[in-house]
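Visitor: Any chance you could fold what I've pasted below:
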Amino acid sequence: MRRNRRVKIVATLGPASTNEETMRRLFEAGADVFRVNMSHAQHDALREIHGIVRKLESEYSRPIGILVDLQGPKLRIGKIDSGSIRLTQGDILSFVRGEDVGNLGRIQLPHPEIFESVEKGHTLLLDDGKLKLRVVEASDVRIDAEVLSSGLLGSRKGISLPDTVLPMGALTDKDRADIECAMSLGVAWMALSFVQRPEDIAEARKLSRGRTSIMAKIEKPTAINHLKEIVDLADGIMVARGDLGVEMPVEKVPGLQKQISRAARNAGKPVVVATQMLESMIYAPVPTRAEVSDVATAVFEGADAVMLSAESAVGKYPVDAVATMNRIAVEVEHDPLHAAIIHAQRIDPTATDADAISAAARTVAETLNLAAIVCYTASGSTSLRAARERPQQPILALTPIPATGRKLAIVWGLHCVLTDDPRNLDDMVAKACRIAYQEGFALPGEQVIITAGVPLGKSGATNLLRIAEVDPGTDE
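Guide: Numbering: from 1, shown residues only. So this is what the prediction gives:
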């Protein structure tokens, strides 16, 4: 199951796709990682999905990642007596802390932390940004806000506060229970919603105790203000463009996507571009041209992965959506401009042995036009450094640890194979050449370049570079 592309595809599971046959077809169509949205999934469903993924891993002899997306805090207004009210531009709407049902001029807001934090002049967004208000008066029991856009407001609709930093963490009791369930299954990635500041990452990491990789979803303006610190602390980054586009002007989102992607790439952290990539394929068998261009832009940027949400979770054409995204990615990566654009975005290595070895491996591989770069990796750090270089040659990541292979399934350009640690240096070379041949990366007589750490099996000690020729007897 070698992919003919470098960028990875994340497919969200839902009612349209959570069954073994459809998941098998999604994987064959190009899905590298399956996302489970815990806003909608229960623990039994997560266990069922985990079992199917592990079965597919065994069938295809390929590590497959699972990304559990935590719900995070959900801020909503209370119930409205009549079910809904019409707001007219210029109206003053009052939000109160009491338990009373809302009526024409007063809306219950059962979140004390909002009253503690919101200030005059702050913006309030209701119902996914459809209604916009500006605070004109705020106290610890009441908020008065002027309606800036007219519309109908229903009960229990969501509220967003793009200007306000709320004194609450990114994890709820439900999230903590979901983390424990996911950890018991050995899930590779955990996506953290409602990230506002670096401390939110630290709390999630403490709960996970190193058993999973933490992906920070950048979906709030306050996270942009702390982007460098969040990138430094997280294991990966997701550009959650849907929520980001609600809380910020939509015209800013493309630039922020590039800014976030560059920050993650500079740090050597995988970055996933998500939300509404092939939205029309929820109902239609083909995407719009604008959506194709949107996916292509993410691939040209060198994103590690592109993600399907509702398209594969509840859409009519989940397998077609994955296959379409796969075709777009393959076509873009074969475009003559792709290599030049990726090369122009390349960053200088840091002054470490591992970074110097990885940069040298890429330079040697491109100069000598070698067949592949082969990385022995225990924790995944060696392969992450190789992928950060965005080399022209494919990267073959060899690891004895299934959890590492599943983690790397989301990383650009990595083809992961589970194999035992080599016994010595000669075995290391022979094993690398044999697997490169068996996996279709090199023919007899072609050369590969091998990176590893000596002593073998020691995590985070990339210090060896070796060029080797694939022997004609490799397939024996």
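Visitor: What is the neighbour count of the closest residue to Pro422 other than its chain neighbours?
Guide: Spatially, and ignoring its direct neighbours in sequence, Pro422 is nearest to Met428 (3.8 Å; Cβ to Cβ, 6 or more residues apart in numbering). Every C-beta, even on glycine, is put in place using the N, C-alpha and C of the backbone. Met428: 22 surrounding residues under other Cβ atoms under 10 Å.
Visitor: Please, which helix or strand holds Met428?
Guide: Following DSSP states H and E, one finds Met428 within helix 425-438.
Visitor: Could you list the buried residues of that helix?
Guide: For helix 425-438, burial by neighbour count (16 or more other Cβ atoms under 10 Å) applies to Met428, Val429, Ala430, Lys431, Ala432, Cys433, Arg434, Ile435, Ala436, Tyr437.
Visitor: and if you look at stretch 111-118?
Guide: Neighbour-count burial for stretch 111-118 flags His111, Ile114, Phe115, Ser117, Val118 (criterion: 16+ other Cβ under 10 Å).
Visitor: still on that earlier bit, could you give me the average pLDDT of the helix holding Met428?
Guide: The pLDDT scores in helix 425-438 average 94.
Visitor: so what's the spatially closest residue to Ser17 that is not a sequence neighbour up against?
Guide: Nearest non-adjacent residue to Ser17, counting by Cβ to Cβ, 6+ apart: Pro318, 4.6 Å away. Contacts for Pro318 (Cβ atoms under 8 Å, 6 or more residues apart in numbering) come out as Ala11, Ala16, Ser17, Thr22, Leu26, Leu308, Glu311, Ser312.
Visitor: Take those residues and keep only those in helices.
Guide: Using DSSP state H, the subset of the contacts of Pro318 located in helices is Thr22, Leu26, Glu311, Ser312.
Visitor: so what secondary structure elements neighbour the lengthiest helix in the chain?
Guide: Longest helix in the chain by number of residues (criterion: DSSP H): helix 43-60. Judged by 3 or more Cβ pairs under 8 Å, 6 or more residues apart in numbering; DSSP states H and E, the packing partners of helix 43-60 are helix 20-29, strand 33-37, strand 65-69, helix 173-185.
Visitor: CA atoms only: put that helix into CSV for me.
Guide: The C-alpha coordinates for helix 43-60 follow below in CSV (Å, rounded to 0.1, in the frame of the first residue of the first chain):
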residue,chain,number,x,y,z
HIS,A,43,-16.6,5.3,24.1
ASP,A,44,-18.2,2.1,22.7
ALA,A,45,-18.0,3.6,19.2
LEU,A,46,-14.3,4.5,19.7
ARG,A,47,-13.5,1.0,20.8
GLU,A,48,-15.2,-0.4,17.8
ILE,A,49,-13.3,1.9,15.4
HIS,A,50,-10.1,1.0,17.2
GLY,A,51,-10.7,-2.7,16.6
ILE,A,52,-11.4,-2.2,12.9
VAL,A,53,-8.3,-0.1,12.4
ARG,A,54,-6.1,-2.6,14.1
LYS,A,55,-7.6,-5.3,11.8
LEU,A,56,-6.9,-3.2,8.7
GLU,A,57,-3.3,-2.7,10.0
SER,A,58,-2.9,-6.5,10.1
GLU,A,59,-4.4,-7.0,6.7
TYR,A,60,-2.3,-4.4,4.9
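Visitor: what angle sits between that helix and strand 33-37?
Guide: Counting by axes from the mean of the first three to the mean of the last three Cα atoms, to 10 degrees, helix 43-60 lies at 170 degrees to strand 33-37.
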